[in-house]
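# Below are the sequence and a predicted model; questions follow.
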Amino acid sequence: MRSETSFDLDGDLIIVDAVVVGPTGRASVQLVLDTGVVLTTLVPSIAESIGYTLATGIKPTVTRTAAADERGYLVQLVELSTLGVGARRAHQRG
């Protein structure tokens with residue numbers, strides 16, 4: 001089966017539209033497509049807008065960038081959809 005979708009370029013970066021779903025809401029976001037990553041990074045304000053907090057996160061994190069160390073936290077999204085494909089968490093943590 002073949003599927004096609006559009007994306008935007010920002011310099012050398014491929015930008016895709018996505019929907020992230022948390023325990024209390026959903027947000028439309030633009031993400032950088034990186035085929036080699038195992039995690040998706042959201043800024044804390046987006047995570048908080050869909051119901052996540054440091055207190056409900058799995059663990060605190062630090063992402064090192066050229067500008068600074070960015071502090072955040074690891075969560076498991078309820079759902080992530082992009083490029084016509086969606087992935088939904090099988091069960092709630094309890």
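The structure has been received and is ready for your questions. Numbering: from 1, shown residues only.
# Run a quick neighbour tally on the closest residue to Gly51 other than its chain neighbours.
Nearest residue to Gly51, sequence neighbours excluded (CB to CB, 6 or more residues apart in numbering): Thr24, at 3.2 Å. Every C-beta, even on glycine, is put in place using the N, C-alpha and C of the backbone. By the criterion of other CB atoms under 10 Å, Thr24 has 11 neighbours.
# Name the helix or strand for Thr24, please.
Applying DSSP states H and E as the criterion places Thr24 outside every helix and strand.
# Could you check the pLDDT of it?
As predicted, Thr24 sits at a pLDDT of 95.
# where do the helices sit along the protein?
44-49 (DSSP state H).
# what's the single longest strand in this protein?
strand 13-21 (DSSP state E).
# just how off-centre is that strand within its chain?
Relative to the centre of its chain, strand 13-21 is centred 8 Å away, using CA atoms, centre = their mean, to the nearest Å.
# quick one: strands adjacent to that strand?
strand 8-10 (antiparallel), strand 26-32 (antiparallel), strand 79-82 (antiparallel) (DSSP bridges).
# Please point out which parts of it sit buried.
Ala18, Val20, Val21 (16 or more other CB atoms under 10 Å).
# bridging residues for the first one?
Okay, so that is Ala18. According to DSSP bridges, beta-bridge pairing links Ala18 with Val29, Thr82.
# how about it, what does it touch?
Counting by CB atoms under 8 Å, 6 or more residues apart in numbering, Ala18 touches Ser28, Val29, Gln30, Leu31, Leu80, Ser81, Thr82.
# Repeat that for Val19.
Counting by CB under 8 Å, 6+ apart, Val19 has contacts Arg26, Ala27, Ser28, Val29, Glu79, Leu80, Ser81, Thr82.
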